[in-house]
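>>> Dropping the sequence and predicted coords here.
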Amino acid sequence: MSATETHAFQTEVNQLLKLMIHALYSNKEIFVRELVSNASDALDKLRFEAVSNDALTEGEEELAIQLEFNKEARTITITDNGIGMTRDEVIANIGTIANSGTKKFLESMTGDQAKDSHLIGQFGVGFYSSFIVADEVELTTRKAGESASEGTKWISKGEGEFTLETVEKAQKGTVITLHLKEEMDEFLDENRLKTIVTTYSDHINFPIKMEKTEWDEEAKESKATGELEQVNKATAIWTQPKSELSDEDYNNFYQTISHDFNEPLAHMHNKVEGTLEYTSLLYLPKNAPFDLYDRERRYGLKLYVKRVFIMDDAEHLMPTYLRFVRGVIDSADLPLNVSREILQSNKVVDKIRAASVKRVLDQLAKFAKAEDQTEYNTFWDQFGQVMKEGVVEDFANKDKIAKLLRFASTYEEASSEQRTSLESYVDRMQEGQEAIYFIVADTHAAAKGSPHLEMFRKKGIEVLLLSDRIDEWLVSHLTEFEGKQLKSITSADLKEFEDEADKEISDDEKQAREALTEKVKKVIEDKVSDVRITHRLTDSPACVVSAEGDMSAHMARMMEQMGQAIPKQNPVLELNPDHALVKKLEGIEDDAKLTEWSLFLLEQAQLAEGDQLEEPAAFIKRMNALLSEAM
Ligand code: ADP
């Protein structure tokens with residue numbers, strides 16, 4: 001027998017544990033649900049492996065979970081005869097946080113306990129919830145198929161370290177013993193535990209057993225009989241008729257499979273019979289997990305074949321942009337030995353997936369159309385950015401997804417919240433307005449403050465204010481909605497306004513303007529691709545736009561940030577002929593002076609656009625010189 005080894009937790013685990021204990025204190029009974037859920041997963045995995053290797057069952061017939069308590073020792077024990085873990089698996093699964101994004105996320109915490117404990121809602125709860133009620137946890141496990149001498153005992157007080165020891169363990173699977181904290185005696189009670197099990201874990205796939213007790217009239221207390229009884233229904237929830245299930249049943253099952261302690265936003269339960277036979281139970285979560293954008297994160301639904309668990313995170317059952325959907329698919333048409341590779345190109349899977357996507361999108365459309373927008377707003381704020389990926393990813397459903405999109409807009413100027421749909425924009429369009437106008441900027445404030453909006457404000461034309469990272473990409477794929485073109489107000493081409501403005505001025509004026517733009521262009525030729533009179537500005541002297549065919553300045557900045565080499569694009573400088581500073585240019589004859597003024601207008605327009613100046617110091621020097629001159 002090996003000696004006991006001591007290991008330190010990853011620092012992140014310590015931090016997470018503290019947070020969890022604080023955040024979940026008023027919900028402490030969920031540790032039962034979490035441990036039962038892990039045990040149930042372990043039984044699922046064993047049953048699956050045993051399909052191809054029946055030696056793994058080690059002669060045991062019934063797969064079950066046992067829950068016991070001991071008043072004298074003040075312990076609660078949860079036992080399963082599932083797949084178990086090897087020593088290495090114990091180290092990898094318990095004591096480390098597998099996810100690479102966790103560290104970064106924890107670094108973002110404020111140190112303010114109350115605030116941070118909200119963040120915990122973005123994590124899965126899991127095994128560590130045992131430390132809410134226990135000051136010491138003992139886990140003994142042995143992998144199915146290994147010899148009895150290969151057991152591993154893990155002990156921890158949840159304070160920075162754990163010990164490991166190799167031990168004998170006759171039965172495969174895992175036993176977890178919680179040594180309860182002083183104030184947790186309430187859990188040393190048969191009825192309390194039974195109620196917790198039936199509340200949270202009634203519909204898991206396996207029986208949960210507790211020892212039967214009998215009332216001893218003489219001793220005036222209940223006595224253990226040594227006999228086990230099943231306390232939950234142990235019928236997979238998705239196999240039950242909807243009419244027999246309550247919202248609570250659905251919510252509890254969601255929390256069991258997701259380890260999310262928030263309730264879901266919605267569930268969708270469907271049984272399909274006919275050429276294909278399957279059941280799906282899908283959930284929309286209320287909160288985005290912290291690692292929603294982590295590329296390494298696995299996602300997907302749980303796949304069962306005729307009630308036998310096949311795999312977690314079956315990513316082929318959901319497209320990437322719906323990676324937040326949780327739930328179960330149970331198919332009668334797939335073979336039990338189905339692998340991820342087979343799922344990748346399988347007609348049955350394709351059909352199930354298409355139908356599941358439709359269900360999710362229909363449910364979202366229902367929320368989106370509802371009188372009360374609370375649900376949809378919650379959803380959009382959490383998952384809106386991911387839904388935008390769908391426009392590009394899911395071509396077949398592009399139109400449906402476009403209707404679900406929400407944007408900030410000049411219509412609701414004061415708010416940065418994304419609440420405007422394309423449909424409502426179109427409804428509000430002015431007579432004769434052909435396009436849906438938008439601006440993309442790095443931040444909402446930059447979008448809202450852009451000089452490009454001046455003319456649109458004056459004319460009362462609504463503009464969508466886009467500032468999510470993905471927006472530039474989105475609008476390059478979503479070029480049209482219900483026959484209306486989506487058009488950037490910073491694009492070179494806004495002909496519809498030019499013609500109108502041109503009508504109002506005299507030929508003399510036109511000539512004077514042409515002379516001015518020529519003159520300015522000549523002195524800053526190497527910095528601009530063109531100089532024009534603008535129709536966009538009312539208050540600002542100048543703005544820059546991308547030359548036709550060039551990518552937008554915002555897109556170029558984003559690509560540069562991603563390390564892409566972008567060929568230098570010179571912008572078009574547009575001048576506002578009614579502005580005093582521009583009028584002043586007309587009178588300047590000296591080329592050197594004209595150059596200074598022209599550069600000054602160009603650079604301030606670039607700054608307003610959020611561009612980095614090539615020579616910020618030169619800009620300031622120039623500005624100060626011009627200011628002193630004017631004094
Ligand atoms: P999660 O269940 O969300 O992955 P946990 O912290 O609850 O997170 O568990 C971490 C991992 O430890 C599980 O994914 C599983 O691999 C392993 N594990 C936990 N409990 C058991 C158990 N009873 N039997 C086998 N493996 C387990």
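Everything's here; your move. Residues are numbered from 1 along each chain as shown.
>>> ok, now which ones touch Gly151?
Residues near Gly151 by CB atoms under 8 Å, 6 or more residues apart in numbering: Thr140, Thr141, Arg142, Thr166, Val167, Glu168, Lys169. Bear in mind the C-beta positions are built from the backbone N, C-alpha and C, glycine included.
>>> Surely the fourth one touches Val90?
Spelled out, that is Thr166. No. With contact defined as CB atoms under 8 Å, Thr166 and Val90 do not form a contacting pair (10.7 Å).
>>> Below-threshold pLDDT in the protein: ranges please.
In the predicted model of the chain, residues 1-2, 96-105, 108-121, 499-502 satisfy pLDDT under 70.
>>> Identify the residues contacting the residue of it found nearest the ligand.
Using CB to the nearest ligand atom, Gly126 is the residue of the chain that sits closest to the ligand, at 2.7 Å. Neighbouring residues of Gly126 by CB under 8 Å, 6+ apart: Glu34, Asn38, His259.
>>> now the strands: where do they sit in the stretch 451-600 of the chain?
For the stretch 451-600 of the chain, the strands defined by DSSP state E, counting those that start in this stretch cover 463-466, 480-481, 484-488, 530-533, 542-545, 572-575.
>>> And for the stretch 151-300 of the chain?
For the stretch 151-300 of the chain, the strands defined by DSSP E, counting those that start in this stretch cover 151-156, 161-167, 173-180, 208-216, 221-230, 266-272, 278-284.
>>> Those into TSV, with extra columns for distance to Ile461?
As requested, the strands of the stretch 151-300 of the chain are exported to TSV (distance: least, CB to CB, whole Å):
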stretch	distance to Ile461
strand 151-156	63
strand 161-167	63
strand 173-180	64
strand 208-216	63
strand 221-230	67
strand 266-272	36
strand 278-284	35
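>>> Quick one: closest of those strands to Lys242.
strand 266-272 (5.6 Å; CB to CB).
>>> Next, the buried residues of the closest one.
Going by neighbour count (16 or more other CB atoms under 10 Å), the buried part of strand 266-272 is Ala266, His267, Met268, His269.
>>> Leu317 against Leu303, yeah?
Yes. With contact defined as CB under 8 Å, Leu317 reaches Leu303; the gap is 6.5 Å.
>>> Overlap of the contact sets of the two?
Joint contacts of Leu317 and Leu303 (CB under 8 Å, 6+ apart) are Ile329, Leu343.
>>> Could you report the neighbour count for the nearest residue to Ser156 once chain neighbours are set aside?
Spatially, and ignoring its direct neighbours in sequence, Ser156 is nearest to Phe162 (3.7 Å; CB to CB, 6 or more residues apart in numbering). As a burial measure, Phe162 scores 22 neighbours (other CB atoms under 10 Å).
>>> So Phe162 is in contact with Leu139, correct?
No. At 9.1 Å, Phe162 does not count as touching Leu139 under the criterion of CB under 8 Å.
>>> about what we covered before: who wins on neighbours among the contacts of Gly126?
The residue in these with the most neighbours, by other CB under 10 Å, is Glu34 (24 neighbours).
>>> Could you measure from that one over to Ser130?
In this view, Glu34 and Ser130 are 8 Å apart by CB to CB, to the nearest Å.
>>> just Phe309 next, same as before
Noted for Phe309: a distance of 24 Å to Ser130, by CB to CB.
>>> List phi and psi for Leu245.
Main-chain torsions, Leu245, degrees, to the nearest 10: phi -110, psi 140.
>>> wait, isn't it in contact with Ile237?
Yes. Counting by CB under 8 Å, Leu245 does reach Ile237; the two are 6.7 Å apart.
>>> Can you work out which residues contact both of those two?
Common contact partners of Leu245 and Ile237 (CB under 8 Å, 6+ apart): His203.
>>> and these two? which has more neighbours close in?
Ranked by neighbour count (other CB under 10 Å), Leu245 and Ile237 place Ile237 first, with 22 against 17.
>>> Could you pull up the residues touching Phe253?
His203, Ile204, Ile237, Leu281.
>>> ok, so of those residues, who is nearest Leu56?
Nearest to Leu56 among the contacts of Phe253: Ile204, at 20.7 Å, using CB to CB.
>>> Tell me the spacing between the closest one and Gln561.
Distance, Ile204 to Gln561, using CB to CB: 47 Å.
>>> Show me where the stretch 501-631 of the chain has its helices.
507-523, 553-561, 580-586, 591-608, 616-630 (DSSP state H, counting those that start in this stretch).
>>> still on that earlier bit, any common contacting residues for Phe162 and Leu139?
Shared contacts of Phe162 and Leu139, defined by CB under 8 Å, 6+ apart, are found at Ile94, Trp154, Ile155.
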